[in-house]
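K.L.:
Give me the fold of what follows.
(one chain, ligands or ions: 1)
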Amino acid sequence: MSSDDVTKQVFAPSSDFTSGAHVDAAKYEKMYAASVNDPEAFWGEHGKRIDWMKPYSIVKNTSYAPGNVSIKWFEDGTLNVSANCVDRHLETRGDQTAIIFEPDEPTDEAQHITYRDLHGHVSRMANILKDLGVSKGDRVILYLPMIPEAAYAMLACARIGAIHSIVFAGFSPDALAARVDGCDAKLVITADFAPRGGRKTALKANADLALEHAETKAQVLMVRRTGDEVNWVDGRDHDYNELVKTASDDCPPEEMNAEDPLFILYTSGSTGQPKGVVHCSGGYLVWASMTQEITFDYHDGDIYWCTADVGWVTGHSYIVYGPLANGATTVMFEGTPTYPDASRFWQVCEKHKVNQFYTAPTALRALMGQGNEFVEKCDLSDLKVLGTVGEPINPEAWTWYHEVVGKGNCPIVDTWWQTETGGHMMTPLPGAHTAKPGAAMKPFFGVQPVVLEPTSGEEIHEYPTEGVLCMKDSWPGQMRTVWGDHERFEKTYFSDYKNYYFAGDGCRRDEDGDYWITGRVDDVINVSGHRMGTAEVESALVAHETVAEAAVVGYPHDIKGQGIYCYVTLMNGVEPTEELRKELRTWVRTEIGPIASPDLIQWSPGLPKTRSGKIMRRILRKIAENDYGALGDTSTLADPSVVDELIDNRMNKA
Ligand code: WTA
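P.N.:
Sure, this is the predicted structure:
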């Protein structure tokens, strides 16, 4: 079947599924209308899904007005997020498993952590943090493997009102140092090593290096994961496994305002400097918990698995905060989809009887290429709902997921959202909507998407249509500010299109009014579902002594979705060799991390520039896509001949 035919197919949920679902088609229509017609009443009601210490009386107080962007939800209510994710379940489900930990090695035993266990772990960790001098409002960096201690540390921060900022364990010491300084962290929680896919990353050694480079003098709390030897700095470093032996498990949760920050998460934008996205306690938790329950149609007793890493927003909202607020059983997986072989995901599904499974298209594409036998040898009969996130899913991967993994019985939820949005924004609901492969379909409750004409910024009402995707009004899970730089928040998201939140994505609305995400319209690329600014890679490249100038663009990549294509102009007299290519690749990996590793490096004596000196990325993108027949107008270039040279020497001669 051609991809065109696949795109035209539709998949309605079975009547069996629909009848047991939280939300069917009629209920969706009714609730959606209520959520946008009277947000105060709707969220006034649904805000009660979490426990408040002091109830709110003001529901929504938000403004997108230019120069005065301000977002507050439930602003006079108080709560504690960790009490919501742990304590409130003790009476009803203390002995239920909260977290199933599946370690990297399949032969190592899985751990089942009950809500009662979790309460003890979180309280002890919280007391350790307090003893180390961390208090309400302080920032704590987490640089950890995917181990239960990562969840304990998040919830321990929440318990005492400290603000956590997780740095993905694949990031380099330099990237870690920038984040430690960015939020002026008091403490870094790390582990000795991070086992993953049969290899070990030296997290503690990376943290040591980072703290040598950072200006901020942070203390270190280290969890022993592998027990290997590490370097130790007396006075600065603290051993979690020792301290936890004597830590008290009595730590009353701090009363926090709904608008007190819960976490900062650094994410890439179109400039070189990652932004510290700030999420707050009340609205975020309402959003994470409601979307987790409704998007995945999670029911009490289900086993739910999101394969993301807690270093990304998906791990925050859909491994930890959303599911635990709902009293769910959530799987935490330390490994990779292909270790020891390509059946690992499916073996874990079988072993733990997973009901809802949530992963990224890049993983599906990689597994699809390995052959169906890896899936077919596992019993996947417990699966009910399948989800994807992170990038557009191609129809072939969608169909494979649906047929081979879901045996045609499991609705697929293609969830479009962002670090900035806190949780799902658009997705088909499994019991309500007829899915179309590759479409994000419908807005979640309270979400008001609009399609704007990119240049005029005019709202387009008719459909089918295509344009830039914006939001007309706020929702409880929306980020509140950029850490330490509210002006940047306004400039990034509210200045291109006044009075709207601009997501940075393009989208299409089809003849039925359903939404399809077409990808980023800014200089952000999406490599294996990891979001990256091309400017970050460029600044890493030009920091190398041989590089005079660099321009980085994305290009279509079969497995990763997008690959990293670098045009590099060397300093005068530097010889372009294969060795130098390798060196630059390693250089970028050390500067940023392995996820930023360039796929293709083209030596470019000249780059296409306008007379005012601006690099014309549109042209570079086309050449990288091997689509140089459609370069468009090149007449404004200072020297049009550089284009021919670049085309002749292009690297992606697919
Ligand atoms: C992209 C990840 C198409 C999009 C939760 C967005 C998607 C960026 C989808 C945010 C999807 C995410 N379909 N594109 N279902 N989900 N994206 O902040 O370009 O890491 O702007 O958040 O990923 O990436 P982030």
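
K.L.:
gap between the residue nearest to Thr226 when sequence neighbours are not counted and Thr388?
P.N.:
The shortest distance from Thr226 to any non-neighbouring residue, by CB to CB, 6 or more residues apart in numbering, is to Phe193 (4.4 Å). Where you see a C-beta, it was placed from the backbone N, CA and C, and this is true even at glycine. Distance, Phe193 to Thr388, by CB to CB, to the nearest Å: 31 Å.

K.L.:
and these two? which has more neighbours close in?
P.N.:
Neighbour count, other CB atoms under 10 Å: between Phe193 and Thr388, Thr388 has more, with 26 against 22.

K.L.:
which residues touch the more buried one?
P.N.:
Shown in contact with Thr388 (CB atoms under 8 Å, 6 or more residues apart in numbering): 358-361, 364, 398, 401, 412-415.

K.L.:
Count the residues that sit near the residue in the stretch 351-500 of the chain positioned nearest to the ligand.
P.N.:
With CB to the nearest ligand atom, the shortest gap between the stretch 351-500 of the chain and the ligand falls at Thr419, namely 3.4 Å. Per other CB under 10 Å, the neighbour tally for Thr419 reads 19.

K.L.:
And the one 3 residues further on, by the same measure?
P.N.:
The tally of other residues near Gly422 (other CB under 10 Å) stands at 31.

K.L.:
per-residue pLDDT, the closest residue to it other than its chain neighbours?
P.N.:
Nearest residue to Gly422, sequence neighbours excluded (CB to CB, 6+ apart): Gly477, at 3.0 Å. pLDDT for Gly477: 98.

K.L.:
Gly477 - how many residues pack around it?
P.N.:
Gly477: 27 surrounding residues under other CB under 10 Å.

K.L.:
quick one: secondary structure of it?
P.N.:
At Gly477 the chain is in coil, as set by DSSP: H, G, I helix; E, B strand; the rest coil.

K.L.:
need the residues of the protein near the ligand, please.
P.N.:
Residues of the chain found near the ligand (CB under 6 Å from any ligand atom) are 267, 312-314, 389-392, 414-419, 440, 503-505, 517, 520, 526, 531.

K.L.:
could you list every residue that touches the residue nearest to Met471 when sequence neighbours are not counted?
P.N.:
Distances taken as CB to CB, 6+ apart put Tyr501 closest to Met471, at 4.2 Å, once the chain neighbours are dropped. Contacts for Tyr501 (CB under 8 Å, 6+ apart) come out as 64, 470-471, 474, 478, 493-494.

K.L.:
7 Å instead?
P.N.:
By CB atoms under 7 Å, 6 or more residues apart in numbering, the residues touching Tyr501 are 64, 470-471, 493-494.

K.L.:
In the stretch 151-300 of the chain, what residue lies closest to the ligand?
P.N.:
Closest point on the stretch 151-300 of the chain to the ligand, by CB to the nearest ligand atom, is Thr267, at 5.3 Å.

K.L.:
For that residue, give the beta-bridge partners.
P.N.:
Thr267 forms beta bridges with Lys275, as assigned by DSSP bridges.

K.L.:
from what I can see it touches Lys275, true?
P.N.:
Yes: between Thr267 and Lys275 there is a contact at 6.0 Å, judged by CB atoms under 7 Å.

K.L.:
Ser317 should be in a helix, yeah?
P.N.:
Yes: checked against three-state DSSP, Ser317 lies within a helix.

K.L.:
Burial check on the closest residue in space to Tyr56 that isn't next to it in sequence, number of neighbours?
P.N.:
Nearest residue to Tyr56, sequence neighbours excluded (CB to CB, 6+ apart): Gly77, at 3.1 Å. By other CB under 10 Å, 23 other residues sit near Gly77.

K.L.:
And for Glu545?
P.N.:
The number of residues packed near Glu545 is 8, by other CB under 10 Å.

K.L.:
what does the one 10 residues further on give?
P.N.:
If you count neighbours by other CB under 10 Å, Tyr555 ends up with 23.

K.L.:
pretty sure it is in a strand, no?
P.N.:
Yes: judged by three-state DSSP, Tyr555 forms part of a strand.

K.L.:
need the contact list for the closest residue to it other than its chain neighbours.
P.N.:
Nearest residue to Tyr555, sequence neighbours excluded (CB to CB, 6+ apart): Ala624, at 4.0 Å. When contacts are counted by CB under 7 Å, 6+ apart, Ala624 touches 553, 555, 565, 652.

K.L.:
could I get those residues as a markdown table with pLDDT?
P.N.:
Formatted as a markdown table, the contacts of Ala624 follow (pLDDT from 0 to 100):
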| residue | pLDDT |
| --- | --- |
| Val553 | 95 |
| Tyr555 | 96 |
| Tyr565 | 97 |
| Asn652 | 90 |
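
K.L.:
Most neighbours out of the residues you listed, which is it?
P.N.:
Scoring the contacts of Ala624 on neighbours with other CB under 10 Å, the highest-scoring entry is Tyr565 at 27 neighbours.

K.L.:
Which helix or which strand is home to it?
P.N.:
Assigned by DSSP states H and E, Tyr565 belongs to strand 561-570.
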